[in-house]
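Q: next come a sequence and a model predicted from it.
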Amino acid sequence: MQGDKIVSGQSGWFYKLADRLKTWQAIGAGMLVLVLFAAGGLLGRGTFRPAVLVGSVGSTGAVTISAQLCLIFAYQGLYGFVYANIGLMVGLFMLGLVIGSVIIKQYVMRRVARWGHLAVVDLAMAAVLLAIPLAVRFLSSLQGSSTSQVLVHWLLMSIITITGIMGGLAFPLACQLLAQHRASQPRAAGIGAIAGQLDAAETFGSAGGALVTGVLMVPALGLTATAITLACWKLTSAATLLLVKSDPKV
């Protein structure tokens, strides 16, 4: 082990390849994908703007599941075992999704959804991701104290719930934004098609995020660099949403 990396020194071509991965490469790859989505939307001047929302929702799916994995790994390292509480972790994450969805449902029923609103959610998600390594460092400094395990348990469980809330806020808001956009088109898509498109993007992002984070990023980069990489992805997503927001046609 080197720092918080877990592949250094292991044999096999995959581990050797993973050990060469640099943080800037992982950040750049994710940012490039989001920028390409944004470029398609901006150049399309409305026609391809849903690509920006699809990219945002897909990155949200990837980032929320990746954050959950990071927190599970951190819990295992700090608490000593995770198996007895894995069901609680997943349950709290799903509860957060429900809470976020209920909150944003009440909001969009009273107001017109704006692109800037989703950008704010992305920024909040980035802040949560950056808080993960800070929380882990803080909890690590308390190891050995009488309250360390209690703090590890409740602080990491709270962050897992907040991560779920962020995901729950993003999906309905993106659906509302896409529905508003489609309504202005000559052949407006139904709400089922809109929800299906974004649900597919979020599910695909979650699958890819779980695979890349669990198999490659955390083992090769470590928890801190992975969290920073994920935060950069959401900052890029927020930036693309704010760029699209500036066009009055949206």
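A: Thanks, I have it. Residues are numbered from 1 along each chain as shown.

Q: which intervals of the protein have sub-threshold pLDDT?
A: 1-49, 108-112, 182-191, 245-250 (pLDDT under 70).

Q: centroid-nearest residue for it?
A: V63 (2.1 Å; CA atoms, centre = their mean).

Q: tell me which helix or strand A201 sits in.
A: Counting by DSSP states H and E, the element that carries A201 is helix 191-212.

Q: quick check: buried residues in that helix?
A: Residues 194-195, 197-198, 201-202, 205-206, 208-210, 212 are the ones in helix 191-212 that count as buried (16 or more other CB atoms under 10 Å). Yep, even glycine has a C-beta here, placed from its N, CA and C like the rest.

Q: re earlier: which strand or helix spans the residue nearest to the centre of the chain?
A: V63 belongs to helix 50-79 when assigned by DSSP H and E.

Q: same check on S146?
A: For S146, there is no enclosing helix or strand under DSSP H and E.

Q: circling back: wait, the residue nearest to the centre of the chain touches G209, no?
A: Yes. Applying CB atoms under 8 Å, one finds V63 in contact with G209, separated by 6.5 Å.

Q: hmm, back to that, tell me the contacts of the nearest residue to the residue nearest to the centre of the chain once chain neighbours are set aside?
A: Among residues not flanking V63 along the chain, L230 sits closest, at 5.0 Å (CB to CB, 6 or more residues apart in numbering). L230 makes contact with 30, 62-63, 66-67, 70, 129, 213, according to CB atoms under 8 Å, 6 or more residues apart in numbering.

Q: mind running it again at 6 Å?
A: For L230, the contact set (CB atoms under 6 Å, 6 or more residues apart in numbering) comprises 63, 66, 129.

Q: the residue nearest to the centre of the chain and V212, how far apart?
A: As judged by CB to CB, to the nearest Å, V63 and V212 stand 11 Å apart.

Q: also L118?
A: 23 Å.

Q: how far away is the residue nearest to the centre of the chain from H153?
A: For V63 relative to H153 (CB to CB), the value is 24 Å.

Q: could you point out the longest helix of this protein?
A: If each helix of the chain is counted by residues according to DSSP state H, the longest one is helix 148-183.

Q: the helix or strand where T236 lies vs helix 148-183, what angle?
A: Element membership of T236, judged by DSSP H and E, is helix 223-245. If you take axes from the mean of the first three to the mean of the last three CA atoms, to 10 degrees, helix 223-245 sits at 20 degrees to helix 148-183.

Q: separation between A210 and V102?
A: From A210 to V102 the distance is 25 Å (CB to CB).

Q: again but with L178, I slipped
A: Distance from L178 to V102, by CB to CB: 20 Å.

Q: do L242 as well
A: From L242 to V102 the distance is 26 Å (CB to CB).

Q: chain center to stretch 170-182, what's the gap?
A: Taking the mean of its C-alpha atoms, stretch 170-182 sits 18 Å from the chain's own mean (CA atoms, centre = their mean, to the nearest Å).

Q: do stretch 65-78 as well
A: Mean-position distance between stretch 65-78 and its chain equals 14 Å (CA atoms, centre = their mean).

Q: go on, stretch 82-94?
A: 18 Å.

Q: and the contacts of that stretch?
A: Here stretch 82-94 makes contact (CB under 6 Å, 6+ apart) with 68, 72, 75-76, 157, 160-161, 164.

Q: among the buried residues of helix 191-212, which one sits closest to L97?
A: Comparing the buried residues of helix 191-212 against L97 with CB to CB places E202 closest, at 10.6 Å.
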